[in-house]
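Undergrad: sequence first, then the predicted structure, then my questions.
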Amino acid sequence: MRPPKDFDRPRFLPAFTALVFVFLFAPIALVALFSFNSNRSLQNFEGFSFEWYQRFFENESLRDSLVASLQIAFATMLVATALGTTLAFGLVRARTRWAGSANVLMLIPLVTPEIVAAVSALILFTQIGMQLSLTTIVIAHITFSISYVTVVVRARLAALNPEVENAALDLGATRLGTLRLVTLPELWPAIVAAALLVFALSFDDFVISFFTTGESPQPLPVRIYSAIRFGVTPTINAIGTLMLAFSALLICIAIALPRLVGRRESGLGVLVGRQAA
Amino acid sequence: MLLFAIPLGITLALSFGTTDDFGNAIYGWHPENYEQAFDPLFLPVLLRSVGFALATVGICLAIGYPVAYYIARFGGRYKHVLIALVVLPFFVNYLVRTYAWVALLADEGLVNGVITDAGIRDEGVRFLNTSWAVIGGLVYGYLAFMILPVYAALDRMDPALIEAGKDLYGTRWQTFRNVTMPATFQGVLAGAVLVFLPAVGDFVSAQLLGGPGTYMVGNLIQQQFLGAENWPFGAALTTVLMAFLAVWMILYLRSAARAAREATA
């Protein structure tokens, strides 16, 4: 006989959870709503308009910032995904006595506070005489991104059955052929999910960009920060909403892609698994 | 093997870059920077950072545990959707999320508009520049870091254990205290560390939602590098912060390593 279902279900629990969801989403929803407000007020919604979006796209330096952010995120994504995937292979496949400690070392960038990473990057760049620019931001972003890629790809790689690869080798496939025809097709949803995650993280990153950026063009979050410090303006609502829509799009792709190619596990599971590790 | 060694070397070099930043020849060795860090002028800032971060962890736990519990136990087939909804706001830019609270809580913001319009008070309430605003911003920023590991722990737990607690005539509270809490302790620990680490080094929340009276060590560090140009002092502060956090990081990494071993065993 099943126990009554509400044994460990206090009545306040559903309401409380609902409240927390309101707490999580209300501020963001309001930013999105007021980005379409026709006047400057943040208290009254007067009417619908695209004025603030128009202002954003007409502002040349803001546009430059957007382009810079996209470039940074793209470059970071390419390099970090390649390096992180390679590292994942190394960690899973190499049976050395360092593999254990390497697995732990790899987590360090994930738990290091951003400001520490940012300050060290800044000091390092100035020490070796590198001019602060988009390149320095990309290098700093790659540093922290590699670990994310490795964690996500490694989980998938470790779940692969090595016998499938052995079978391919037994059937006369070369090592490269096995990698291309057997391993990578199994792995690519994880790699794509990791790449999108890195893109989103890099595009959104403020602290590290803030410390390693040059004069101009500055990435978008850095620009937003200086704008917020001078007060609340509706243009920030518009930028925030655009970034929100963009991040949401990336997440949807990350979730949907593995499903689209007929795999049962969702990309989100891969991403959430990263937190649970 | 080479493919293994090169990126690992890079990662190693880079991860060590976070710790060896003070041994710089150019800046020399000036222990007085450290004395300055514990100067009565700056010590309150360090203590405040820890206090704010601990308060954030406490509130995140108080909010996050029930939510994780509800989703893990009663989410049913909507479990994954609900947990995705928890993660979703976390992918919205942290600055934008903090800004949303600035817009809400500002003196001419929405909340004060509602308060004055509804006639609750003639004047609005001053929210910004208070400690609570800063802590609230931190909670909002890092809540997902608490919910996810606690959810994972609760999800792994066999629900039959709770039923057994009831069958053995335990009250709800006894069952929770003696069965559920110990079973999810690792998740709570992971969540606490994952929230504490970024919260203690945060400077965005204190900068935007607070004022000079609520500055945290992150603000101080940022000022040294991008304002006052006292890099050695900034580096000393960073090292103090890092050394303090290293204890927590080791704690977390050890528990993560143990979890990994249990998963593979």
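TA: Received it, and whenever you're ready, just let me know what you need. Numbers count the residues shown, from 1 in each chain, chains lettered A, B, ... in the order given.

Undergrad: only C-alpha atoms from now on, for both contacts and neighbour counts.
TA: Will do.

Undergrad: tell me the buried residues in the helix or strand encompassing B:Pro198?
TA: For B:Pro198, the host element (DSSP states H and E) is helix B:185-201. By neighbour count with 16 or more other Cα atoms under 10 Å in any protein chain shown, helix B:185-201 contains the buried residues B:186-201.

Undergrad: between the residues you listed, which is nearest chain A?
TA: Closest to chain A out of the buried residues of helix B:185-201 is B:Pro198 (5.1 Å), distances taken as Cα to the nearest Cα.

Undergrad: quick check: closest non-adjacent residue to the closest one.
TA: The shortest distance from B:Pro198 to any non-neighbouring residue, by Cα to Cα, 6 or more residues apart in numbering or on different chains, is to A:Pro113 (5.1 Å).

Undergrad: residue contacts, that neighbour?
TA: Applying Cα atoms under 8 Å, 6 or more residues apart in numbering or on different chains to A:Pro113 gives the contacts B:Leu197, B:Pro198, B:Gly201.

Undergrad: how about the helices of the stretch 151-265 of chain B, start to end?
TA: In the stretch 151-265 of chain B, the segments counted as helices under DSSP state H, counting those that start in this stretch are B:159-167, B:172-175, B:181-183, B:185-201, B:204-209, B:217-226, B:231-264.

Undergrad: mind putting these in TSV, mean pLDDT included?
TA: Shown next, in TSV, are the helices of the stretch 151-265 of chain B (pLDDT from 0 to 100):
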stretch	mean pLDDT
helix B:159-167	79
helix B:172-175	78
helix B:181-183	81
helix B:185-201	88
helix B:204-209	86
helix B:217-226	82
helix B:231-264	75
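
Undergrad: pick the most deeply packed of these.
TA: helix B:204-209 (a mean of 25; mean count of other Cα atoms under 10 Å in any protein chain shown).

Undergrad: and B:Asn129, that one's in a strand?
TA: No - counting by DSSP: H, G, I helix; E, B strand; the rest coil, B:Asn129 falls outside a strand, being coil.

Undergrad: how about the closest residue to it other than its chain neighbours, what does it touch?
TA: Of all residues not flanking B:Asn129 in the chain, B:Gly210 sits nearest, at 3.7 Å (Cα to Cα, 6+ apart). Residues near B:Gly210 by Cα under 8 Å, 6+ apart: B:Leu128, B:Asn129, B:Thr130, B:Ser131, B:Ala133, B:Val134.

Undergrad: report the contact partners of the spatially closest residue to B:Leu189 that is not a sequence neighbour.
TA: Spatial nearest neighbour of B:Leu189, chain neighbours left out: B:Tyr252 (7.8 Å); criterion: Cα to Cα, 6+ apart. When contacts are counted by Cα under 8 Å, 6+ apart, B:Tyr252 touches B:Leu189, B:Ala190, B:Val193.

Undergrad: what does B:Gly187 give?
TA: B:Pro149, B:Val150, B:Tyr151, B:Ala152, B:Ala153.

Undergrad: ranking these by neighbours, who comes first?
TA: Within those, most neighbours by other Cα atoms under 10 Å in any protein chain shown means B:Val150, with 30 neighbours.

Undergrad: is chain B contacted by the longest helix belonging to chain A?
TA: Identified as the longest helix of chain A according to DSSP state H is helix A:60-93. Yes - contact of helix A:60-93 with chain B (Cα under 8 Å from any Cα of the partner chain) involves A:Leu83, A:Gly84, A:Thr86, A:Leu87, A:Phe89, A:Gly90, A:Leu91.

Undergrad: pull out the buried residues from the helix or strand containing A:Phe125.
TA: Element membership for A:Phe125, per DSSP H and E: helix A:114-127. By neighbour count on 16+ other Cα under 10 Å, the buried set for helix A:114-127 is A:Glu114, A:Ile115, A:Val116, A:Ala117, A:Ala118, A:Val119, A:Ser120, A:Ala121, A:Leu122, A:Ile123, A:Leu124, A:Phe125.

Undergrad: alright, that wraps it up for me.
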